[in-house]
Structures are given as structure tokens and as C-alpha cells.
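Peer 1: coordinates only, sequence not included:
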Ligand SMILES: Nc1nc2c(ncn2[C@@H]2O[C@H](COP(=O)(O)OP(=O)(O)O[C@H]3O[C@H](CO)[C@@H](O)[C@H](O)[C@@H]3O)[C@@H](O)[C@H]2O)c(=O)[nH]1
Ligand SMILES: [Mg+2]
């Protein structure tokens with residue numbers, strides 16, 4: 001935090017729910033030299049990591065399908081979302097996090113991931129910085145069924161699909177998750193598959 005046009009005057013935790021919501025009061029220095037008081041409520045749920053698992057030979061990728069309540073209450077009829085595996089860092093490095101999450105969610109134990117970019121997914125309201133990776137997979141890396149953490153009721157379905165199909169699903173709006181779209185488009189742009 002080193003923008004000298006911003007002076008934070010107050011930070012208040014509004015509600016300690018599963019995630020933290022803070023009300024931040026600050027003064028912002030305008031071009032004309034005056035300080036303008038502003039207030040913003042922000043949602044802090046930590047940072048996350050995601051990965052595109054791809055197999056060059058089979059021309060396939062691995063995605064997940066799970067219930068996302070936030071989408072169900074906003075127009076997604078079934079509430080189900082098709083997404084690249086992802087998780088919250090929970091104190092780990094982005095690399096360690098995504099390796100852990102991929103095994104929990106998909107059952108693949110990957111060793112090597114390559115970071116391709118970082119993205120603030122909802123900069124108007126959510127603090128999260130998402131780290132995006134790519135990694136190759138093959139059948140020898142499959143160590144379990146995946147499905148997510150039992151106690152957390154994740155109920156994740158693992159989907160292996162042809163990259164061509166994934167591109168079509170993105171075009172048709174069947175894949176609507178931003179991180180997944182970023183990863184598929186990265187793969188297209190760089191002829192990964
Ligand atoms: N009880 C309870 N559990 C919650 C709540 N919110 C999340 N959880 C649980 O917290 C765990 C989070 O799972 P992760 O795999 O670590 O994270 P994620 O939900 O996949 O999040 C990633 O992908 C999201 C979707 O794109 C991103 O929104 C998120 O920021 C992150 O990148 C899941 O077991 C989920 O059920 C809640 O309000 N209550
Ligand atoms: Mg997850």
C-alpha cells in the first residue's frame with residue numbers, strides 16, 4: 001500500500017461470517033488537489049490458485065463440476081458450475097496449494113506446474129488475487145477418485161473432456177466461469193493442445 005493519493009482513516013469488520021467483510025473509509029486525492037472522502041465495503045476471502053490440466057496426446061483437459069450457491073441465486077438454473085480445479089491458499093504458496101487442491105478435487109497427483117498469470121477476478125468488491133497455472137497430466141498420475149474433501153461437502157464431479165468440446169462449451173455459454181475461460185483461451189492462444 002503506497003499510493004500517496006489515498007489516506008485510509010478507518011477499517012471496520014462488518015461481519016465475521018465464513019469470510020470477512022470490511023468497511024474501509026479513506027480519503028482520495030483528486031486531480032484538483034482536494035481530498036474526497038470515500039467508503040468501500042470489501043469481501044476478503046483470501047487468495048486462490050487454479051490450473052488447466054491438459055494432455056497433449058489425447059487432446060483433453062480435466063475440469064470439475066460442483067454446486068455454486070452464489071450462481072444458483074443469480075440465474076444459473078441448476079447451480080452447477082463447470083470449472084478448472086481451484087482452491088484457496090490457506091497459508092500455502094500458490095504452487096503448493098494448487099498441487100494439493102488438484103489431488104483433492106480430481107485425484108491426479110501432479111508434480112510440476114507452470115504459472116502463467118495472476119488475476120484480480122472481481123476488483124470492485126473482492127480482494128482475492130488468483131494465481132493461474134497450467135500442468136500436463138496423464139493416467140499414471142491418477143492416484144484416487146478425487147471429488148473434494150468429504151467433511152467440506154464439496155461433492156465434486158471430475159470431467160475429462162476433449163479440448164475441442166471445451167471450446168464449444170465456452171462458446172455456447174455452458175462454461176461460464178471466468179478463470180476457466182481465461183485458461184481455455186490461454187491454451188488456444190499458445191497452441192498448448
Ligand atoms: N460452511 C461453509 N463452507 C464454505 C463456505 N464458503 C466456502 N466454503 C467451503 O470452503 C471450501 C473452499 O474450497 P476450495 O476448493 O479451497 O475453494 P473454492 O471454493 O474452489 O474457491 C476457488 O474457486 C472459486 C470459484 O471460482 C473462487 O471463487 C475462489 O475464490 C477460489 O479461487 C469448500 O469446501 C467450500 O464448500 C461457507 O460460506 N460456509
Ligand atoms: Mg475448489
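Peer 2: Noted; the coordinates are in hand. On a predicted model such as this, the values are computed, not experimentally measured, just so you know. Residues are numbered from 1 along each chain as shown. Ligands and ions are numbered 1, 2, ... in the order given.

Peer 1: quick check, whichever strand or helix holds residue 13 touching ligand 1?
Peer 2: Per DSSP states H and E: residue 13 is located in strand 6-16. No. Under the criterion of Cβ under 6 Å from any ligand atom, ligand 1 is not reached by strand 6-16; the shortest gap measures 11.7 Å. Glycine gets a C-beta too; all of them are placed from N, C-alpha and C.

Peer 1: Name every strand pairing with that strand and say which way it goes.
Peer 2: Partner strands for strand 6-16, per DSSP bridges, with pairing direction: strand 20-29 (antiparallel).

Peer 1: Other residues contacting the helix or strand following the partner strand?
Peer 2: Following strand 20-29 in sequence order, the next helix or strand is strand 35-44 (DSSP H and E). The set of residues external to strand 35-44 that reach it, using Cβ atoms under 8 Å, 6 or more residues apart in numbering, is 7, 9, 14, 19-30, 125-127.

Peer 1: repeat that for 7 Å
Peer 2: 14, 19-30, 125-127 (Cβ atoms under 7 Å, 6 or more residues apart in numbering).

Peer 1: Over to stretch 75-90?
Peer 2: For stretch 75-90, using Cβ under 7 Å, 6+ apart, the contacting residues are 45-53, 63-69, 71-72, 97, 101-102, 105-106, 159, 174-175, 177, 179-180, 183.

Peer 1: quick one: which of these sit in strands?
Peer 2: If you go by DSSP state E, those have 48, 49, 50, 51, 52, 53, 63, 64, 65, 66, 67, 159 in strands.

Peer 1: quick revisit: ok and the strand holding residue 13 relative to strand 35-44, angle-wise?
Peer 2: Put simply, strand 6-16 runs at 40 degrees to strand 35-44, going by axes from the mean of the first three to the mean of the last three Cα atoms, to 10 degrees.

Peer 1: got the buried residues for strand 6-16?
Peer 2: For strand 6-16, burial by neighbour count (16 or more other Cβ atoms under 10 Å) applies to no residue.

Peer 1: Can you flag the buried ones in the contacts of stretch 75-90?
Peer 2: Going by neighbour count (16+ other Cβ under 10 Å), the contacts of stretch 75-90 have 47-53, 63-64, 66, 71, 97, 101-102, 105-106, 159, 175, 177, 179-180, 183 buried.
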